[in-house]
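K.L.:
Here is a sequence with its predicted model. Questions after.
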Amino acid sequence: MAEAERIIGTPDSPQAAGAESQQDGSARPKGRRKIAVLFTVAAFAYTLDLVSKLLVVAKLEHHAPIELIGDWLKLEAIRNAGAAFGFGEAFTVIFTVIAAAVIVVIARLARKLYSLPWAIALGLLLGGALGNLTDRIFRSPGVFEGAVVDFIAPKGFAVFNLADSAIVCGGILIVLLSFKGLDPDGTVHKD
C-alpha cells in the first residue's frame, strides 16, 4: 500500500503534506481534510449506479434495446463477466480482487486527503469500484464470479454502466491533476 501512496504522490509526514508547525513542534495540516467530500461523491456515484442497474434488470433485461439516438446510442442490458469489450471473462475473480484493492488503497489515502479535486476524483473511483464490486459479489453465477450489468451501448464501442463512467471520469481527473502538479494532500509540485 505504501508503494501505491508513493506513486500517486501522497506524503507520509505531516510536514510534507503542507502542514504548519505549531509552537510545541508538532504539525497540523493546513485546511480541513476532504474525507466527507470523498465519501459523499462515492455514495452518490454508487447509489446512481445501483439504482440504474436495478431498473435495467427489472425493466430492460430480456427485452429489445431502447434506441435513444437511432442506432448510435442504445440502452441494452447485457451481463459482462470480464472487463471492457468482454475481455478476460475467465478472470472474474481477479477483477474482483483488483476492485477490492482499489477500495482499500483509496480508504488509506483518505486520511491524507486535503485537496477538493482529488477528493472528487477518488470519490468517483471509489463509487465506481464499489458499484462493479457489488455486481461481482452478489450477481449470478456466484459470489466473486458475478457478471456486471452493463447497459449504455454506443455504436461501435463497449457497452458500459454508470460505475464504469465514474471510474473513467475519476481516472481522467486524476491524470489532469497530476499534470497540474496538484497532490492529494493539497500541495503543488513542479517537475
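P.N.:
Thanks, I have it.

K.L.:
contacts, neighbours, all on C-alpha from now
P.N.:
Will do.

K.L.:
Leaving aside the residues adjacent along the chain, what's closest to the residue most central in space within the chain?
P.N.:
Computing the C-alpha centroid of the chain and ranking residues by Cα atoms, centre = their mean puts L125 first, at 1.4 Å. The shortest distance from L125 to any non-neighbouring residue, by Cα to Cα, 6 or more residues apart in numbering, is to I167 (4.6 Å).

K.L.:
what's the answer for F44, then?
P.N.:
Leaving aside its chain neighbours, F44 sits nearest to G127 (7.4 Å; criterion: Cα to Cα, 6+ apart).

K.L.:
And the one you found, how close does it get to V102?
P.N.:
11 Å (Cα to Cα, to the nearest Å).

K.L.:
again with L116
P.N.:
Distance, L116 to V102, by Cα to Cα: 19 Å.

K.L.:
Who are the packing partners of the longest helix that the chain contains?
P.N.:
Of all segments of type helix in the chain, defined using DSSP state H, the longest is helix 35-59. Counting contacts by 3 or more Cα pairs under 8 Å, 6 or more residues apart in numbering; DSSP states H and E, the secondary-structure elements packed against helix 35-59 are helix 116-138, strand 148-154, helix 162-180.

K.L.:
ok, 7 Å please
P.N.:
The elements that helix 35-59 packs onto, with contact taken as 3 or more Cα pairs under 7 Å, 6 or more residues apart in numbering; DSSP states H and E, are helix 116-138, helix 162-180.
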